[in-house]
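Enquirer: take a look and give me a structure for this.
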Amino acid sequence: MGELLESKDLTSNEGKEPEVIEKLAGLLSFFFSDTNLRSDTFMKKEMKFNDGMVAIQKLLRFNSIKKITTDQEKIVQAVETSELLKPILMLNKDKTSIGRINKFDINNIKDNIPLTLFVKGLPTSNVEISEDGKELPPKSYAVQVDEVKQLFLEYGEIALVRLRYKKKLKKSDPTIAKGEAFIEYESEEMARKAAADLCKVGDAEPKKRLTIKGNELFVQPMKEWLELKEKEEGEEKSDKRKRKSSAEDEGKEAADDEFDIVWNPGCVISVKGFPDNCDREAIREAMKDYVPSDPKELYLDFSRGQKSGALRFETPTDKIKELAEKLNSGEIEIIGCKVESAHVLEGEEEKTYWDNFKEFKRKQRKQQTASNSRGRAKRGRHSRK
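Expert: Model prediction:
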C-alpha cells in the first residue's frame with residue numbers, strides 16, 4: 001500500500017481541508033479498487049469477515065492515511081462529499097465503516113495481465129562495496145513512484161505503479177531493489193496504446209524510448225514477460241535435474257560426517273503432557289499471539305497422539321521464554337487443557353536435543369538417497385524393456 005500515491009504530511013495544516021479530502025479520496029478509491037484488492041490480503045480479510053466493510057479506525061492505521069489525517073470525521077467527509085467516491089464507496093449506518101457499493105468478488109475482477117506493462121532499468125541507489133571490493137546489490141530506488149508514473153501518463157490513467165524488490169528468503173534479509181516495476185493501466189486500450197509505442201515488436205525497435213535520470217528503460221507487455229519467465233524457469237529446472245542426475249550418477253553424495261545444522265540457543269521449548277486429540281492446528285491456535293507471521297519461523301516437533309514434543313523457533317526472542325512460562329503455569333491452555341510442563345531447553349539438555357535431531361536428519365537423508373537410487377534403477381530397467 002502507498003505505492004500509488006504519495007502525500008505530504010497534512011495533519012497539521014488546518015487551512016487545507018479541500019486538499020485533505022481530495023488526497024483521502026484518491027487513497028480510498030485505490031485501497032478499495034480491484035487493482036489493490038487482487039493482492040491486498042489485509043483488506044480482503046477485513047471485507048470477508050465484516051460483510052464487505054472495513055472499519056475506519058483500521059484504515060486510520062495505514063501510514064499513507066496517517067500522513068494526511070488522524071481524524072475519523074475527515075474520512076467520513078471524504079466518502080460523503082467526494083465526487084470520486086460517491087459512485088464507488090458507502091458508509092454503514094453509524095458511519096464507522098466503509099464498503100464498496102458494488103461488492104468485491106475475486107472471481108469477477110478484471111485480469112490485470114492485459115492491463116500491465118513490465119519495466120526494467122529503473123535507477124537504484126545505496127550501492128555498497130564489500131570488503132573484497134565487490135559491488136553489492138542496491139537496497140533502494142533512486143526514483144519516486146510518482147516520477148515513474150509521470151512517464152506513462154500520456155497513454156492513459158495509471159491504476160498502479162509497483163516497484164519490484166528481490167524476494168526475501170528470511171525476514172532478516174535486506175530489502176534489495178531490482179530496478180523493475182509493473183505499470184497497470186485502467187483499461188486494455190490504454191495498455192495497448194502504450195505498448196505500441198514503447199515495446200519492441202518482433203525485430204522492430206520501439207517507436208519511442210523512455211529515460212529517467214539517465215537510464216534508458218526497457219518496456220514489455222506483462223504477458224510476454226510472464227511467458228519468457230516461465231520458459232526460463234522451465235529451462236533452469238531442466239538444467240538442475242540434469243546436474244543432479246549427473247552428480248548422483250557419479251556418486252557425488254554428501255558424506256554423513258559432513259552434515260551439520262547450525263542452531264541458535266534458547267529457541268526450543270520442551271512440552272510434556274499434551275492433551276488427548278491434540279494436533280498441530282490446536283497448538284498453533286493456542287499460541288496464536290506468539291507464533292511468528294512467517295510459518296517457517298516455527299517448527300512443531302510433534303505428531304498427533306504424542307504426549308510430549310517441542311516447539312522450535314528459528315530466531316531467539318524474549319517471547320519464547322514468556323510463552324514457556326505461560327504454558328507451564330496454565331495461563332495458556334491447549335484445547336482447554338493445561339499441559340503437564342513446559343520449559344526452554346538449556347545447556348546439556350539443549351545440546352542433546354539438537355544432537356538427536358541431527359542424527360534423525362542424517363538417517364532421513366540416507367533413506368532418501370537410497371530411495372532415489374532404487375527409483376532410478378527401476379526406471380532404467382523399464383526403459384530397457
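Enquirer: residues touching stretch 347-359, excluding its own?
Expert: Outside stretch 347-359, the residues within contact range by CB atoms under 8 Å, 6 or more residues apart in numbering are Phe259, Asp260, Ile261, Trp263, Pro265, Val268, Ser270, Asp301, Ala310, Leu345. (Each C-beta comes from the backbone N, C-alpha and C, glycine too.)
Enquirer: recalculate using a threshold of 10 Å.
Expert: By CB atoms under 10 Å, 6 or more residues apart in numbering, the residues outside stretch 347-359 that reach it are 256, 259-263, 265-268, 270, 299, 301, 310, 312, 343-345.
Enquirer: just the buried residues out of the residues you listed, in PyMOL syntax.
Expert: Filtering the contacts of stretch 347-359 down to the buried ones (16 or more other CB atoms under 10 Å) takes a single PyMOL command:
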select buried, resi 266+267+268+270+301+310+312+343+344+345
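Enquirer: which of the contacts of stretch 347-359 fall within strands?
Expert: Counted as lying in strands by DSSP state E, out of the contacts of stretch 347-359, are Val268, Ser270, Tyr299, Asp301, Ala310, Arg312, His343, Val344.
Enquirer: make CSV out of the residues you listed and add distance to Lys74.
Expert: Formatted as CSV, those follow (distance: CB to CB, whole Å):
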residue, distance to Lys74
Val268, 49
Ser270, 52
Tyr299, 46
Asp301, 51
Ala310, 50
Arg312, 47
His343, 51
Val344, 48
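Enquirer: which two of those residues have the greatest separation?
Expert: The largest separation in the ones in strands among the contacts of stretch 347-359, counting by CB to CB, is between Tyr299 and His343 at 17.8 Å.
Enquirer: for stretch 71-84, the distance to its chain's centre please.
Expert: Stretch 71-84 sits 31 Å away from the centroid of its parent chain (CA atoms, centre = their mean, to the nearest Å).
Enquirer: same question, stretch 52-62
Expert: From the chain centre to the centre of stretch 52-62 is a distance of 21 Å (CA atoms, centre = their mean).
Enquirer: could you count how many residues lie near Asp34?
Expert: A count of neighbours around Asp34, defined by other CB atoms under 10 Å, yields 16.
Enquirer: likewise the one 3 residues further on?
Expert: Counted with other CB under 10 Å, the neighbours of Leu37 add up to 18.
Enquirer: these two touch, right, it and Met43?
Expert: Yes: with contacts counted by CB atoms under 10 Å, Leu37 reaches Met43, the gap being 5.9 Å.
Enquirer: between the two, which contacts overlap?
Expert: Both Leu37 and Met43 are contacted by Phe31, Phe104, under the criterion CB under 10 Å, 6+ apart.
Enquirer: that older thread, closest one of the ones in strands among the contacts of stretch 347-359 to Trp225?
Expert: Among the ones in strands among the contacts of stretch 347-359, and counting by CB to CB, the member closest to Trp225 is Tyr299, at 36.1 Å.
Enquirer: excluding its backbone neighbours, what's nearest that closest one?
Expert: Spatial nearest neighbour of Tyr299, chain neighbours left out: Arg312 (4.5 Å); criterion: CB to CB, 6 or more residues apart in numbering.
Enquirer: any idea how far the residue lying closest to Ser187 once chain neighbours are set aside lies from Glu17?
Expert: Residue nearest to Ser187 in three dimensions, not counting chain neighbours: Gly156, with 6.6 Å by CB to CB, 6+ apart. According to CB to CB, to the nearest Å, Gly156 and Glu17 sit 30 Å apart.
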